[in-house]
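> Structural data only, the sequence is not supplied:
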Ligand SMILES: *[C@@H]1O[C@H](CO)[C@@H](O)[C@H](O)[C@H]1NC(C)=O
Ligand SMILES: *[C@@H]1O[C@H](CO)[C@@H](O)[C@H](O)[C@H]1NC(C)=O
Ligand SMILES: *[C@@H]1O[C@H](CO)[C@@H](O)[C@H](O)[C@H]1NC(C)=O
């Protein structure tokens, strides 16, 4: 019995160590050179769900590229199949509102100095809507792959056995521009055919608004977009799913010509701050080979390395949320508690709850104390280094 207890204590101690997600918190407390990567929020595309394996792999690449990244997959429902359903059906005004509320109340995201955002396909324009309408927590880098920023002029075809897709598209037996369809069928809310421009302006429940195409422009949308440090837009060179594919760069395809963003009033009159972003080098038009969503780990890794990760020195976003870094310790503890709860549940199921629980608490307390000591030491070292930097010669005089 005693031996069992000791053994389980040992393995619990190593588990507890693994539980503490960031064992090394070197320069965390020095505001000057913070190495903590910003959290990453991912919004998946049509027909996908937040718990899909593919999305998990993307999260893993984010963590390999910038170790310690907290990844959050946007969901409209905790049930993955209901979440998938919401990619086809729903009122986007309400969907974006829900995501705004979810991100604002997430204990980790809401205390970060800023977040990064990654949108796949329609998730890209939805995250842009998040930036324009809410941006709390604020987005530092927004990356979109194969998104439909300027809408679609044809609905995508459903897979042969995708009954949900087919069922949702059956709504289109009604008029695309009817309130009935605009409040229910998600892709209809970013349908934009230049040949039906007046109907679009009058009835679009989503895109005409977030693109600030109506006479009354929303200044908040523009101001929020201008706060982005990077807005990277990828299109797929051989995309046959998104029509037209150039929509991923805000180009207008009018049947005969492809009119690039820079030649459009939207840019020239800067309805959305895209011109401002372009002038400061923050707007990036990128393309990659292959059909819709033909992503490689290598491409993702290189993008994540370039525009995600720790916040750079002197970032204007940082000064907007000066107290955010201080809450990092708290965030870690929340994560730790969550993992601990899951582990205790597993112990209970394995029938080793009693002694294991005590051991876990003791091991966690020890680990936490050690971490606090490490942080204090690091803090003292940083402080000494700063004093040395700022008052170096004077110190020698002393
Ligand atoms: C502009 O958008 C903001 C954020 O969504 C909203 O609070 C505000 O009411 C909008 N203003 C107008 C004039 O529609
Ligand atoms: C979508 O929901 C919003 C908020 O409830 C509502 O104002 C809007 O009219 C709805 N859209 C349509 C097309 O019914
Ligand atoms: C498309 O745009 C081009 C360039 O602005 C213009 O010359 C052409 O007439 C337009 N085509 C249609 C069908 O509107």
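Cool, the structure landed. What you are looking at is a predicted structure, and each value in this text was computed from that prediction instead of being measured. Ligands and ions are numbered 1, 2, ... in the order given.
> for this structure, which spans come out with low pLDDT?
The model of the chain has pLDDT under 70 over residues 1-34, 313-314, 318-333, 336, 352-356, 367-398.
> what residues does it put near ligand 1?
Residues of the chain lying close to ligand 1 by Cβ under 6 Å from any ligand atom are 133, 218, 220. From N, CA and C alone the C-beta is placed, and that goes for glycine too.
> at 8 Å what do you get?
Contact residues (Cβ under 8 Å from any ligand atom) of the chain with ligand 1: 132, 133, 134, 216, 218, 219, 220, 221.
> The closest residue in space to the second one that isn't next to it in sequence - how many residues pack around it?
In other words, residue 133. Excluding the flanking residues, the one nearest residue 133 by Cβ to Cβ, 6 or more residues apart in numbering is residue 96, at 6.2 Å. Residue crowding around residue 96 was assessed by other Cβ atoms under 10 Å; the count is 20.
> thinking again about what came up before, max pairwise distance over the residues of the chain next to ligand 1: which two?
134 and 216 (19.6 Å; Cβ to Cβ).
> Between those two, point out the one with more neighbours.
Using other Cβ under 10 Å as the criterion, residue 134 and residue 216 rank with residue 134 on top: 19 against 6.
> hang on, isn't the more buried one packed against residue 104?
Yes. Counting by Cβ atoms under 8 Å, residue 104 is a contact partner of residue 134 at 7.2 Å.
> separation between residue 286 and residue 233?
7 Å (Cβ to Cβ, to the nearest Å).
> Those two: which has the busier surroundings?
Each of residue 286 and residue 233 has its neighbours counted (other Cβ under 10 Å); residue 233 has more, 25 against 15.
> ok so, going back, now for the residue nearest to residue 133: which residues touch it?
Shown in contact with residue 96 (Cβ atoms under 8 Å, 6 or more residues apart in numbering): 126, 129, 130, 133, 134.
> try 7 Å this time
Remark: with contacts taken as Cβ atoms under 7 Å, 6 or more residues apart in numbering, residue 96 is in contact with 126, 129, 130, 133.
> Next, format those as CSV and append neighbour count and secondary structure.
Shown next, in CSV, are these (neighbours: other Cβ atoms under 10 Å; DSSP: H, G, I helix; E, B strand; the rest coil):
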residue, neighbour count, secondary structure
126, 25, helix
129, 26, helix
130, 26, helix
133, 19, helix
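> Dihedrals phi and psi, residue 271?
Phi and psi for residue 271, reported as degrees, to the nearest 10, are phi -60, psi -30.
> same question, the one 3 residues further on
The phi/psi pair for residue 274 (degrees, to the nearest 10) reads phi -70, psi -30.
> Around ligand 2, pick out the residues from this structure.
So the chain meets ligand 2 at 91, 92, 93, 94, 97, 179, 182, 183, 189, 203, 205 (Cβ under 8 Å from any ligand atom).
> If we only consider these, which is nearest to residue 58?
Proximity to residue 58 was ranked across those by Cβ to Cβ; first place goes to residue 92, at 23.0 Å.
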